[in-house]
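In: How does the following fold in three dimensions:
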Amino acid sequence: MNSADSAKIRGAIAAQRQLVQQYPDSAKVPDAMLNIASAQGELNENAAARRTLEELIAKYPASEAAGKAKQRLGVR
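Out: Next up, the predicted model:
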């Protein structure tokens, strides 16, 4: 991955984090967190991606995104 791709991914993470912070009660937050974890994975920030997925599951356990996060983590 070149630096331009990395910068785009980091920009996407920042945008998703802004949504999470500004609209914590939005129905879009679980999906935003899943997107953050995906982007972190693309940057090989695997520990950060795992923490994001775990936080998603803890905060929004009934969401569809939490189900996807569990699949990625290999938990039930």
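In: For burial, what's the neighbour tally of residue 16?
Out: Using other CB atoms under 10 Å, residue 16 has 22 neighbouring residues. All C-beta atoms are positioned from the backbone trio N, CA, C, and that covers glycine.
In: Point out where this structure drops to low pLDDT.
Out: Within the chain, no stretch falls below the threshold (pLDDT under 70).
In: tell me the secondary structure for residue 25?
Out: Judged by DSSP: H, G, I helix; E, B strand; the rest coil, the three-state class of residue 25 is coil.
In: Would you list the phi and psi of residue 27?
Out: Taking degrees, to the nearest 10, you get phi -70, psi -10 for the backbone angles of residue 27.
In: For the longest helix seen in the chain, buried residues please.
Out: Ordering each helix of the chain by length in residues (DSSP state H) puts helix 3-22 first. By neighbour count on 16 or more other CB atoms under 10 Å, the buried set for helix 3-22 is 9, 13, 16, 19, 20.
In: okay if I get the residues you listed as a markdown table plus distance to residue 44?
Out: Shown next, in a markdown table, are the buried residues of helix 3-22 (distance: CB to CB, whole Å):
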| residue | distance to residue 44 |
| --- | --- |
| 9 | 11 |
| 13 | 13 |
| 16 | 18 |
| 19 | 24 |
| 20 | 22 |
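In: now, which of these sits nearest residue 1?
Out: Using CB to CB, residue 9 comes nearest to residue 1 of the buried residues of helix 3-22, at 8.0 Å.
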